[in-house]
Every structure is written in structure tokens, then in C-alpha cells.
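Engineer: structure here, sequence nowhere to be found:
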């Protein structure tokens, strides 16, 4: 009944989710030039427009984020860039394991067991092939 630190429902993925979502919200506030709920935003031509779900694979497991968006689609987070599927060192870990002699299937099982991150055989293979070239 102990507290899980990583993987689904773990403390660290939830903490990372909160930090990233607050950071992206602060970036959107800076982009728009006014705080959430501020009357200055009315009639400005651009405003908050909800969020888009996004799942990131991280060193502490998969994290499902609600990425904020604006009406003009001009907001691009630097914290979690558009198109990013992995965050923070996962690529480096895969390359290190591959260079150390582990097979792609071994790496897949290792990541699932240690980090709770489910990556497909094809994803790992494409990553190691891209680095190899």
C-alpha cells in the first residue's frame, strides 16, 4: 500500500504535470499580455481558448497534460514544444542502453519496468536508427 513515485498514478508524474501545466499557463499569460479573467482581454482579438490533451513520455512515466491554447493559434510553448512526445533525457537513456549492447526489445522492457514508460518497438528502433545515421 506504499506510495508509488513513478508510473501511472505516481507522485512524480502528478507533480511534473502540475509544474508543466502551470508553466505553460504562465507562458500563455505572457503571450497574451494579460492575466486570466482580466477585462483587458475582452476585445483584444486573441484570448484563451481551452486546452488540448497531450501525453508526454518522461523519465518518471507518461504524463497526460492539458496544453493551453489561444483563439488565434499563435501560442507556442517553449516549455513543451508542439510535436514533442518525449521530455527530458529519455532519448539519451535509450541511446545509452543501445550503445551498451541492449537489444531494442530489452530496452522496451527495461523502460516499462523502471519508468513505467510504454514505448513501441518501432519508436525505439526509429530513434536508434536516426542517431546511427
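Structural biologist: Okay, I see it. Predicted model only: the values in this text are computed from it and were never measured.
Engineer: residue 111 touches residue 117, doesn't it?
Structural biologist: Yes - Residue 111 lies in contact with residue 117 (C-beta atoms under 8 Å); the separation is 4.7 Å. (C-beta placed from N, C-alpha, C; glycine too.)
Engineer: neighbouring contacts of the lengthiest helix in the chain?
Structural biologist: In the chain, with assignment by DSSP state H, the single longest helix is helix 11-32. Identification of contacts with helix 11-32 by C-beta atoms under 8 Å, 6 or more residues apart in numbering yields 3-7, 35-36, 41, 44, 46-48, 56, 58, 60-68, 70, 74-75, 77-80.
Engineer: tell me which of the residues you listed fall in helices.
Structural biologist: Using DSSP H, none of the contacts of helix 11-32 sit in helices.
Engineer: what's the lowest-mean-pLDDT helix or strand in the chain packed up against?
Structural biologist: Lowest by mean pLDDT, DSSP states H and E among the helices and strands of the chain is helix 121-132, with a mean of 73. Helix 121-132 is packed against helix 90-99, helix 104-115, with contacts defined by 3 or more C-beta pairs under 8 Å, 6 or more residues apart in numbering; DSSP states H and E.
Engineer: switch these over to JSON lines; also include mean pLDDT.
Structural biologist: Shown next, in JSON lines, are the helices and strands packed on helix 121-132 (pLDDT from 0 to 100):
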{"stretch": "helix 90-99", "mean pLDDT": "79"}
{"stretch": "helix 104-115", "mean pLDDT": "84"}
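Engineer: could these be laid out in JSON lines, adding distance to residue 26 and mean neighbour count?
Structural biologist: Shown next, in JSON lines, are those (distance: least, C-beta to C-beta, whole Å; neighbours: other C-beta atoms under 10 Å):
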{"stretch": "helix 90-99", "distance to residue 26": "24", "mean neighbour count": "16"}
{"stretch": "helix 104-115", "distance to residue 26": "27", "mean neighbour count": "16"}
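Engineer: turn these into CSV, columns for distance to residue 29.
Structural biologist: Listed next are the helices and strands packed on helix 121-132 as CSV, based on distance: least, C-beta to C-beta, whole Å:
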stretch, distance to residue 29
helix 90-99, 29
helix 104-115, 32
